[in-house]
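> Sequence and predicted structure, then a few things I'm wondering about:
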Amino acid sequence: MLYYAFTVLASGIVEDTGWSSSAVTAAFSAGTLFGALAGVATGRVLQRHGPRVVMTSASVLAALAVTVVATAPSLPVFTLGWLLAGAASAGTFYPPAFAVLTQWYGARRVRAITTLTLVAGFSSTVFAPLTAVLGEEPGWRATYLVLGAVMLVATAPAHALALRLPWHPSTGADRGHAHGRSDRGILTSRTFVLVTVSGALTSLVMYASLVHLVPLLQQRGTSVQLAAWALGLSGAGQVGGRLLYPTLERRMPPHVRAAAVISVLAATVLALGIVRGPVPLLISIAVLAGSARGLFTLIGATVLTEHWGPERYAALNGVYNAPVGVAAALAPAVGSGLTALTGSPAGLFVALGLLGLVGAALAVASGDGTPRTPRVVPVPAGAEEHA
């Protein structure tokens, strides 16, 4: 909600406040960076205490953060609001939700995670137009207050009431161990480092290409409206891609699956930088790139479990997602820098496609040929009926 709201309201904030566009974007990016780093601590707390308190508190903090943003009299206060929003995001975005589903659904976690991402895949479809409508009449401040109220009266109670299934944190005897290895041993292993670097590079490619898709299509001669439709169709492509994931999960080992998805993403991004038309072909490639983005969300959600089992997923996932989140936060700025360096959006997409191929190669290298047989976690009573 907050991500799509900002992309719609940013120009109105600049116009209303007189703050520079770069300063407003920097405040938002600072919050995103802070959220990525805060995810490390959040993962550890979630692992020990379960999701109910963590995610409910984060939802309340998100509502407070949005209120600070909406009422900010100055740029420093505005930035403070986004830092609070970043801290809240560490307990409300995909990573903690994936940790909860992995713990609760055990062997059926892929189905549960896929269902969640299919529903969440329509968030841009819902909140971007809603924010645009609200932003035109009452203004950006009132819009953020409305969105904050939605989180306070809907999201926080939902977390408090729904996240009530039993939570089984690691005991003192096995805490910090997964498949007989300590957390430190896993985090410093060759496989974890390669998986994480590959994920960070792919995150950079995903978000930089997404942010700069409209300028690229405009360079190819499309109107702003048509480019915006192409962006929307690319987002819808994520939903279609996620439907394919269970099939890939059954037929490919984790490193091959990750490499295949990243390769498709890299190839489509590279094609967008090279192919000049016609426009329907460019839009089709953009939709395929969206499908690869949707698939990679599920790759990131399941790769740790497939390598090291679900026992310490929340803690390990917090560390994995820190550089991945930092890459996503820096993607717009990196994209702008590469555009300036290469001289055009097309040059940017070529550079991003090549970076994606590096990410795919690292994913291949992360496999050591050892079959992974994560322990199956029993599904708590009541979990299946909520899947």
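Nice, I can see it. What you see is a predicted model; the values in this text were computed from it and never measured.

> Show me which positions of the helix or strand hosting residue 255 end up buried.
Using DSSP states H and E, residue 255 sits in helix 254-274. Going by neighbour count (16 or more other Cβ atoms under 10 Å), the buried part of helix 254-274 is 254-255, 257-273. Every C-beta, even on glycine, is put in place using the N, C-alpha and C of the backbone.

> One more: stretch 75-85?
Of the residues in stretch 75-85, 75, 78, 79, 80, 81, 82, 83, 84, 85 count as buried by neighbour count, 16+ other Cβ under 10 Å.

> Inside helices: which ones of these?
The members of those that map onto helices under DSSP state H are 75, 78, 79, 80, 81, 82, 83, 84, 85.

> Could you export the residues you listed to TSV, including columns for pLDDT and distance to residue 53?
Output for those, formatted as TSV (pLDDT from 0 to 100; distance: Cβ to Cβ, whole Å):
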residue	pLDDT	distance to residue 53
75	94	33
78	95	29
79	94	28
80	95	24
81	94	23
82	92	24
83	94	21
84	94	18
85	91	19
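
> Distance to residue 233 added to the residues you listed, as CSV?
CSV is the format used below for these (distance: Cβ to Cβ, whole Å):
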residue, distance to residue 233
75, 36
78, 33
79, 34
80, 37
81, 33
82, 29
83, 34
84, 34
85, 29
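
> what stretches of the stretch 251-387 of the chain score poorly on pLDDT?
Applying pLDDT under 70 to the stretch 251-387 of the chain flags residues 368-387.

> if we go to 50?
369-387 (pLDDT under 50).

> Mind listing what's buried along the helix or strand residue 65 falls within?
Element membership for residue 65, per DSSP H and E: helix 51-71. For helix 51-71, the neighbour count (16+ other Cβ under 10 Å) marks 51-52, 54-70 as buried.

> Stretch 347-358 too?
Buried-residue list, stretch 347-358, by 16+ other Cβ under 10 Å: 348, 349, 350, 351, 352, 353, 355, 356, 357, 358.

> of all those, which comes closest to residue 305?
residue 356 (23.9 Å; Cβ to Cβ).

> Surely that closest one is in contact with residue 208?
No. Under the criterion of Cβ atoms under 8 Å, residue 356 makes no contact with residue 208, lying 10.3 Å away.

> Do you have the strands of the stretch 101-250 of the chain handy? List them.
All strands of the stretch 101-250 of the chain, identified by DSSP state E, counting those that start in this stretch, fall at 177-178, 181-182.

> Rounded mean pLDDT for the last one, please.
Think strand 181-182. The pLDDT scores in strand 181-182 average 69.
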